[in-house]
Structure formats: structure tokens, C-alpha cells
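Visitor: give me a model of this one.
(one chain, ligands or ions: 2)
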Amino acid sequence: MHGPYDALLLVSFGGPEGPDDVMPFLENVTRGRGIPRERLLGVAEHYQHFGGVSPINEQNRALLAALRDELARQGVDLPVWWGNRNWGPYLTDTLAEMADKGHRRVLALVTSAYSSYSGCRQYREDLHVALEPLGDRAPQVDKVRHYFDHPGFVGATVRAVADALEQVPEGSPVAFVTHSVPDAMDEVSGAPFGGHMYVRQHEAVAALVAQRVEAETGRRVAHELVYCSRSGPPTQPWLEPDVNDHLRALKEAGAPGVVVAPIGFVSDHMEVKFDLDTEAAETAKEIGLPFARAATVGTDAEFVSGLVDMVRERAAVESGAPAERPALTDIGPWPDVCPAGCCANLRAYKPTCCGED
Ligand SMILES: CC1=C(CCC(=O)O)c2cc3nc(cc4[nH]c(cc5[nH]c(cc1n2)c(C)c5CCC(=O)O)c(CCC(=O)O)c4C)C(CCC(=O)O)=C3C
Ligand SMILES: [Fe+2]
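Guide: Ligands and ions are numbered 1, 2, ... in the order given. Below is the predicted model:
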């Protein structure tokens, strides 16, 4: 049922839990990343606007509970642990404790559905850093493949978009939104498969979701992929258009309303709460464009059972048992082990785990 694995490890970003955590958290996130000081202070304000508490930790606690329930329901007897990149519980501490408890073979599940340095290799680097000091006691860690086109993620997203469309006038388009990244980061995402996989995976999911929503509702659904949360120096090109500019363009083109669907985020992260629910909603109000935000997958039952299916799939693969590898776009199924050169770190090569390099 769980193959060679003796534990599941939820790996996430982490976020501040109070006002005093905000600056140290932001320093953890941006160490060596060349983010301008003004941007940091601006983002600190976003967090302070919500009492210095990121929604992400509570959402991960809810996901942990949902995963435990679903594993039990499917008869998979695996303990579930949790570790973050940028705030407690830190991956380093979690993996040390897991080693103390005797875990030898761990399957990691990352709260990021797509390929990119930020969403994949950087987590794999962090896993390596956490495992290295453990020496011989370090468990072997594998990572669940990217799930952007898994039926659980897609199915939950289709329902969320269809529900949001009910709240805006007929004929409203869908703006699928993800986190902007530097053009250069997109270019090397999934390099062994031709690169630009960050954008290509999102485009494929957006097209598939729009098509399924059309089939389900009988409405025609125009759509576009747009971006939020740009940072970095203004001289550096990042993925565009920004969601706010897109809303203005839609208004000018006569759109009767808009659904904003944050397919780049698995739960209502700060980017969703601030950049979409606060900032983009304000833009829409200002220009008089009816606006609805589609839910993120969060702890949706179809999404969570899809994740558990993927855990069982990988366990079967590692046991040499036959495994179905469902994937709904022609980009997937993404490989279990990232090939060498996937999602390069453009600053410096660092050793990783769960990949060929
Ligand atoms: C692709 C991607 C994801 C999705 C994949 C995944 O989910 O991991 C993601 C997730 C997240 N990003 C988050 C927060 C931040 N990201 C920052 C900075 C950056 N993100 C980037 C990309 C991504 N980020 C990039 C290219 C930068 C520039 C600096 C760098 O090159 O590393 C900064 C610094 C300030 C700023 O620059 O805006 C913050 C505070 C949070 C927590 C939110 C919460 O608290 O709810 C989450 C889940
Ligand atoms: Fe980020």
C-alpha cells in the first residue's frame, strides 16, 4: 500500500505567524536574491495588513489533517510530517526529528504544482541542505511528481471556476493567474524538455480547465493567463501582463465582468489574499468591472484524494508494481525524478536531492 516508504513529508514555503516574524521571514526568503529593499518593505506591509500572519501555515495544517484523513480512508498507513523552507517548522528540524524516529525512506510532497526553480529545484536544494548534516542517519527522500495536470488538481479547479462564473454576468472571461517569475527563470524551467515549462504547463492547464468548464456549463469561456506578485529590479524582465493591467484591458474591450482564477497557488496564500482579493479586487471596483475570485484547490476532497493517489502511484513505481500515471495534458505525466539540468539555479549550482543533478 505504501511500498518502500515509511513516512510522507509535506514540504512548503512557510510564513510569519505574527508582526515580529515578518522581517526575519522576508530576510529568509530573499537572502542572496537581489530583491530591492523598497519591495521588501512593501511586502512587509501586505503581511502587517493581516496582523503579520500569513494564511499559509493554517492552510498547511488543514491540508495535513485532510491528508491524514484521506490516507486512513484509503487504508494507507503512513505518518505525515511537515517542514518549510522559510519559517518554522523548518525542514532541517523536521528531517532531523524524522531521522531520530528512525525513518529511512521518505516521500516528499511539495505545495507547488508546476516546474520552476522557485517551485521545484529550490525545494530540492533545501532538502539536500536539511539532509546533509544527518550523515548516515539521513533518510532517502523521493519527491512526488508535479501535479499540475493530475485529474484531482484539474477537477477541483474546474469546479471552482464554474462556481465563480455563476457570480458574474454571462459572457465574462476567466483570467487565470499565477506568480510572475523572471523571464530567465521561465526559460530554463524544464530545460531538458525544451524549456519555458513554467508558462507552458500553466497555459496547458488554463486551456484544459476553460474547455472543461465550457463543456460543463454550455457557456463560451474566453480565457487568458496573467501574472501577479512581480518583484525584482524593474530593469529585469518578468512574465507579463500583470493582472491589474489585464483587468483594465478587459474593461476597455467591453468585457461584462471577470473571474480571476489563481491556478498558480494551491491555497489562499498571501499573494491571493493581498494581490488578488485586495489589490485586483480594488482595481476591478475602480473601473466598474464585476469581479469574482475562484477558490484555490486548498483541501478540496477531489484534490486531496488525487494527492493520495499520487502517493500510492509512486509507492507502486518504487516497488516495481504496475502503476497508472494519469495526466490530462500532453506535457505530462511529469517524470518522477527531475532530469539533469531541469529548472536551473541561475545564480550558482547547488547540490539537490530527488533529481539527477
Ligand atoms: C513561482 C513562485 C511560487 C509558486 C511556487 C510555490 O508555491 O513555492 C512562489 C510561492 C510563494 N512565494 C511566497 C512569498 C514570497 N515570494 C517572494 C519572492 C519570489 N517568489 C518567486 C516565485 C514564486 N513564489 C520569485 C521568483 C521571487 C523573487 C525572489 C526569488 O527569486 O526567490 C517573496 C519576497 C518578496 C517579493 O519579492 O515579493 C515573498 C515574501 C509565498 C508565501 C505566501 C504566503 O505567505 O502566504 C509562496 C507560497
Ligand atoms: Fe514567491
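Visitor: now the residue nearest the centre of the chain: which helix or strand?
Guide: With distances taken as Cα atoms, centre = their mean, Ser112 lies nearest the centre of the chain, 2.6 Å away. Using DSSP states H and E, Ser112 falls within no helix or strand.
Visitor: tell me which element Gly298 falls in.
Guide: Going by DSSP H and E, Gly298 is not part of any helix or strand.
Visitor: also the one 5 residues further on?
Guide: Using DSSP H and E, the secondary-structure element containing Phe303 is helix 301-319.
Visitor: just the mean pLDDT for that helix, thanks.
Guide: Average pLDDT, helix 301-319: 98.
Visitor: what ranges does the stretch 201-350 of the chain have for its helices?
Guide: 243-252, 270, 281-287, 301-319 (DSSP state H, counting those that start in this stretch).
Visitor: and the one helix or strand in the chain whose mean pLDDT sits lowest, what does it pack against?
Guide: Least confident helix or strand, the chain: helix 37-49 with a mean of 92, by mean pLDDT, DSSP states H and E. Where contact means 3 or more Cβ pairs under 8 Å, 6 or more residues apart in numbering; DSSP states H and E, helix 37-49 is packed against helix 22-30. Using the backbone N, CA and C atoms, a C-beta is placed for each residue, glycine as well.
Visitor: mind putting the helices of the stretch 201-350 of the chain into JSON lines with distance to Arg73 and mean neighbour count?
Guide: Listed next are those as JSON lines, based on distance: least, Cβ to Cβ, whole Å; neighbours: other Cβ atoms under 10 Å:
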{"stretch": "helix 243-252", "distance to Arg73": "37", "mean neighbour count": "18"}
{"stretch": "helix 270", "distance to Arg73": "31", "mean neighbour count": "22"}
{"stretch": "helix 281-287", "distance to Arg73": "36", "mean neighbour count": "15"}
{"stretch": "helix 301-319", "distance to Arg73": "8", "mean neighbour count": "20"}
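Visitor: let me have those in CSV, adding distance to Arg61 as columns.
Guide: Formatted as CSV, the helices of the stretch 201-350 of the chain follow (distance: least, Cβ to Cβ, whole Å):
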stretch, distance to Arg61
helix 243-252, 28
helix 270, 16
helix 281-287, 26
helix 301-319, 14
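Visitor: figure out which of those is closest to ligand 1.
Guide: helix 270 (3.5 Å; Cβ to the nearest ligand atom).
Visitor: one step back: tell me which of the helices of the stretch 201-350 of the chain sits nearest to Leu26.
Guide: Among these, the nearest to Leu26 by Cβ to Cβ is helix 270 (11.1 Å).
Visitor: can you pull the contacts of the residue nearest to the centre of the chain?
Guide: Contacts for Ser112 (Cβ atoms under 8 Å, 6 or more residues apart in numbering) come out as 118-120, 123, 266.
Visitor: the least confident helix or strand of the chain: what's the following helix or strand?
Guide: Counting by DSSP H and E, what follows helix 37-49 is helix 56-73.
Visitor: for that following helix, name the packing helices and strands.
Guide: Against helix 56-73 (3+ Cβ pairs under 8 Å, 6+ apart) you get strand 7-12, strand 80-84, helix 301-319.
Visitor: now distance to ligand 1 too, for the ones you listed, in CSV please.
Guide: Output for the helices and strands packed on helix 56-73, formatted as CSV (distance: least, Cβ to the nearest ligand atom, whole Å):
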stretch, distance to ligand 1
strand 7-12, 7
strand 80-84, 10
helix 301-319, 15
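Visitor: where does the prediction get shaky in the stretch 1-150 of the chain?
Guide: Across the stretch 1-150 of the chain, residues meeting the criterion (pLDDT under 70) sit at 1.
Visitor: 90 - rerun?
Guide: 1-2, 31-39 (pLDDT under 90).
Visitor: what does it put close to ligand 1?
Guide: Residues of the stretch 1-150 of the chain lying close to ligand 1 (Cβ under 6 Å from any ligand atom) are 13, 15, 26, 29-30, 33, 35, 39, 43, 54-56, 111-112, 116, 118-119.
Visitor: show me this structure divided up by domain.
Guide: Following automatic domain parsing, the chain resolves into domains at 7-147+299-319, 151-293.
Visitor: what about the shortest one, start to end distance?
Guide: Counting by Cα to Cα, to the nearest Å, the length from the leading to the trailing residue of domain 151-293 is 22 Å.
Visitor: residue contacts, the residue nearest to Gly288 when sequence neighbours are not counted?
Guide: Counting by Cβ to Cβ, 6 or more residues apart in numbering, Lys251 is the residue found nearest to Gly288 once chain neighbours are left out, at 7.2 Å. Lys251 makes contact with 287-289, according to Cβ under 8 Å, 6+ apart.
Visitor: from Gly171, how far off is Lys251?
Guide: Relative to Gly171, Lys251 is positioned 14 Å away (Cβ to Cβ, to the nearest Å).
Visitor: and what of Arg314?
Guide: 43 Å.
Visitor: selecting buried members of the residues of the stretch 1-150 of the chain next to ligand 1 in ChimeraX, what would you type?
Guide: Here is the ChimeraX command that selects only those of those that count as buried (16 or more other Cβ atoms under 10 Å):
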select :13,15,26,29,30,35,39,43,54,55,56,111,112,116,118,119
